[in-house]
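> could you work out the structure for the sequence below:
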Amino acid sequence: MNIVETADGSLTLFHAGVGEHYHSKHGALQESRHVFLKSGTQHFLSNHPQDSLSILEVGFGTGLNYLVTADYCAKKNIKLNYVGIERYPLEKDTIIRTENTTHVATEIGTDFLENYKLSLASITNMVAGELSIAVCDVYDFQSETRFDVIYFDAFAAIHQPEMWSAKILAHVCSFLKTGGVFVTYAITGDLKRTMKSLGFAIEKAPGAPGKREMLRATKI
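The predicted model follows:
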């Protein structure tokens, strides 16, 4: 794992085995805030104002998407139930090296690092609500919760095509509520067709720096 500075000054990891960065080299923090927080969480809440929110993330990685979301929810007094799926969880020391916690309130970052090991495969009470990380293959994930928002942050299809298969997407989206929102940084013809076949309304939303468009889909 190599630490890489991205265009907005934030850091990410380069996974040599996969051949890809964990977040956009055009700006890791900008991508997280734009694709997942703004286009996912804030978009959903603008249409469904509420004081609690449930999020499922595919590809927990460095925890950056969790951190920016938890920071936002804590400021808005929204109780967050956040579940991440991560087959290969990173060591805490590696996460510390990314300096992701410097982008959020001190209590959010400290809370995350202090509880990170406890969070693996368990539910932990955090400042912003609850966090759990399911250490398993995506298709083995099971939950009784039906989520408001899905963050789909797997590595790109060119490097990890199996993660973007209709089988995996159908499994993941089975945990989303009707009216719930699915967001990802990518947008391809195959992805749009698959999501439509699963009963979603598709939007081409503006992409983060480096990408013209991204996909947002609402479960009908």
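> give the rounded mean pLDDT of the biggest strand by length in the chain.
Ranked by number of residues, the top strand in the chain under DSSP state E is strand 176-184. The pLDDT scores in strand 176-184 average 98.
> now do stretch 58-71
Rounded mean pLDDT across stretch 58-71 is 97.
> distance across that stretch, terminal residue to terminal residue?
19 Å (Cα to Cα, to the nearest Å).
> residue furthest from the geometric center of this protein?
In the chain, counting by Cα atoms, centre = their mean, residue 197 sits farthest out from the average C-alpha position, at 22.7 Å.
> correct me, but that one touches residue 166?
Yes - if you go by Cβ atoms under 8 Å, residue 197 and residue 166 touch, sitting 7.3 Å apart. C-beta coordinates here come from the backbone N, C-alpha and C atoms, glycine included.
> and the residue farthest from the centre of the chain, what is it in contact with?
Going by Cβ atoms under 8 Å, 6 or more residues apart in numbering, residue 197 touches residue 166.
> and residue 164, by the same measure?
Applying Cβ under 8 Å, 6+ apart, we find residue 164 in contact with 154, 157, 186, 190-191.
> the same query, at a cut-off of 6 Å, please.
Taking Cβ atoms under 6 Å, 6 or more residues apart in numbering, we find residue 164 in contact with residue 157.
> list phi and psi for it.
Here is the backbone geometry of residue 164 (degrees, to the nearest 10): phi -110, psi 10.
> cool, the one 10 residues further on as well?
Listed backbone geometry of residue 174 is phi -70, psi -20, with angles given as degrees, to the nearest 10.
> what about it, distance to residue 125?
Distance of residue 174 to residue 125, given as Cβ to Cβ, to the nearest Å: 27 Å.
> tell me, how many residues neighbour residue 44?
As a burial measure, residue 44 scores 21 neighbours (other Cβ atoms under 10 Å).
> ditto for residue 198
18.
> now do the helix or strand bottoming out on mean pLDDT in the chain: everything it contacts.
None of the helices or strands of the chain scores lower by mean pLDDT, DSSP states H and E than strand 124-126, at a mean of 84. Residues external to strand 124-126 that are found in contact with it (Cβ under 6 Å, 6+ apart): 111, 115, 118, 131.
> who touches the third one in this structure?
For residue 118, the contact set (Cβ under 6 Å, 6+ apart) comprises residue 124.
> same deal with the second one?
Contacts for residue 115 (Cβ under 6 Å, 6+ apart) come out as residue 124.
> mind listing what's buried in the host helix or strand of it?
Residue 115 belongs to helix 106-119 when assigned by DSSP states H and E. For helix 106-119, the neighbour count (16 or more other Cβ atoms under 10 Å) marks 108-109, 111-112, 115-116, 119 as buried.
> pick the one among those residues closest to residue 203.
Minimum distance to residue 203 across the buried residues of helix 106-119 is 29.4 Å, recorded for residue 108 (Cβ to Cβ).
> if the closest residue in space to residue 184 that isn't next to it in sequence is in a bridge, with which residues?
Nearest non-adjacent residue to residue 184, counting by Cβ to Cβ, 6 or more residues apart in numbering: residue 152, 4.0 Å away. Assessed by DSSP bridges, residue 152 has beta-bridge partners residue 58, residue 184.
> surely residue 152 touches residue 59?
No - using Cβ atoms under 6 Å, residue 152 is not in contact with residue 59; the gap is 7.4 Å.
> ok so, going back, check what pLDDT the residue nearest to residue 184 gets.
Listed pLDDT for residue 152 reads 98.
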